[in-house]
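Asker: Structure for the following, please:
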Amino acid sequence: MNILVIIIAIIAIVLLATGGFVSSLNFLIWVGVVLLVIAAIVFLLRFLSGNRRV
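Answerer: Residues are numbered from 1 along each chain as shown. Okay, the predicted model is just below:
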């Protein structure tokens with residue numbers, strides 16, 4: 001599950017960068033923001049619940 005969060009965060013950063021450079025792909029910014037928020041929520045839930053399984 002931890003690797004999945006890392007992959008989602010990397011994809012979100014790539015989409016944010018791509019959407020920022022190409023104005024016609026503006027929707028990628030929103031997709032990247034949503035993926036980044038999902039990754040942050042999953043990370044916080046794992047951190048607060050104390051679940052340390054990989």
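Asker: Quick check: buried residues in the helix or strand residue 47 falls within?
Answerer: Secondary structure from DSSP states H and E places residue 47 in helix 27-49. Neighbour-count burial for helix 27-49 flags 28, 29, 31, 32, 35, 36, 39, 42 (criterion: 16 or more other Cβ atoms under 10 Å). Placement of C-beta: from N, CA and C, glycine included.
Asker: Do me a favour and average the pLDDT over it.
Answerer: Computed over helix 27-49, the mean pLDDT rounds to 83.
Asker: elements contacting it?
Answerer: Secondary-structure packing of helix 27-49 (3 or more Cβ pairs under 8 Å, 6 or more residues apart in numbering; DSSP states H and E): helix 2-21.
Asker: Distance from the chain centre to the helix it packs on, please.
Answerer: Taking Cα atoms, centre = their mean, to the nearest Å, one finds helix 2-21 lying 5 Å from the centre of the chain it belongs to.
Asker: in it, what counts as buried?
Answerer: For helix 2-21, a neighbour-count test (16+ other Cβ under 10 Å) marks 5, 8, 9, 12, 15, 16, 19 as buried.
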